[in-house]
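Asker: I would like to see how this sequence folds:
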Amino acid sequence: GSLLAPLPGTVTRVLVSAGQRVVTGDLLLTLEAMKLEHPVLAPVDGTVVQLPVPAGTQVDTGAVLAVVNPLEDAR
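Answerer: Below you'll find the predicted structure:
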């Protein structure tokens, strides 16, 4: 699933890299908007497959910030 920017702002920190496994709630990156820092968290357990915006990048609402492929259920 793609994580989209909820509002325009600047990516201030990227804390993960492509290929990294994450669990639900892990902090992936931060977005500064309106003088506040907004955390972007992993929505599911999975693997980060894409981080198209490096730190310092200004983004518009709806820009793709990260893509996380969910882990397959082991049933």
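
Asker: As a check, name the ranges of all strands in this structure.
Answerer: Here the chain has its strands, by DSSP state E, at 2-4, 9-14, 21-22, 27-33, 36-41, 46-50, 58-59, 64-70.

Asker: which parts of the fifth one are buried?
Answerer: Along strand 36-41, these residues count as buried under the neighbour rule (16 or more other C-beta atoms under 10 Å): Val40. (Glycine included, C-beta is placed from N, CA and C.)

Asker: same question, the second one
Answerer: Across strand 9-14, burial judged by 16+ other C-beta under 10 Å covers Gly9, Val11, Val14.

Asker: At the geometric centre of the protein, which residue sits there?
Answerer: Centroid-nearest residue in the chain: Ala66, 4.1 Å away (criterion: C-alpha atoms, centre = their mean).

Asker: List the contacts of the closest residue to it other than its chain neighbours.
Answerer: Among residues not flanking Ala66 along the chain, Leu3 sits closest, at 4.6 Å (C-beta to C-beta, 6 or more residues apart in numbering). Taking C-beta atoms under 8 Å, 6 or more residues apart in numbering, we find Leu3 in contact with Leu28, Val40, Pro43, Val64, Leu65, Ala66, Val67, Val68.
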